[in-house]
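Visitor: Next comes the sequence, and after it the predicted model I'd like to discuss.
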Amino acid sequence: MQHFASQCNLWTLLCCLLFQFLYTLLSFPATTTKMQPQPQSRALETKEQLRRPRDHGQAKTTAYEKVELLHRLLVQQQLQQLEQRRLLRLALARRRLEYELSN
């Protein structure tokens, strides 16, 4: 039982660290180095600037979807662990009852 509890704590810690890492990635905007624009490429630069917010928004949306999926998986895993504990307690109670009835 102690081994099972330590595994739960390890998975919980790993998930918390993963969420902190993803939060850090989403909190700080991506920094990119940019060369000085040349006069003949101003039209291309304007098109890039128009596209960039949508790309950044799409990346943020994808990142949020990943975090949401990870959260759902974590909740599902925790529910499975609760169910396992409930079944263990039920089996233990049955054994105690059988032992008491046999004596």
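Guide: Good, I have the coordinates.
Visitor: State the mean pLDDT of the longest helix along the chain.
Guide: Longest helix in the chain by number of residues (criterion: DSSP state H): helix 42-102. Throughout helix 42-102, pLDDT has a mean value of 84.
Visitor: Residue 21: neighbouring residues, count only.
Guide: Residues lying near residue 21 (other Cβ atoms under 10 Å) number 10. Every C-beta, even on glycine, is put in place using the N, C-alpha and C of the backbone.
Visitor: Kindly report the same for residue 85.
Guide: Neighbours around residue 85, by other Cβ under 10 Å: 14.
Visitor: do the same with residue 25
Guide: Residue 25, neighbours per other Cβ under 10 Å, totals 13.
Visitor: Let me know the pLDDT of residue 12.
Guide: 79.
Visitor: any idea how far it lies from residue 21?
Guide: 15 Å (Cβ to Cβ, to the nearest Å).
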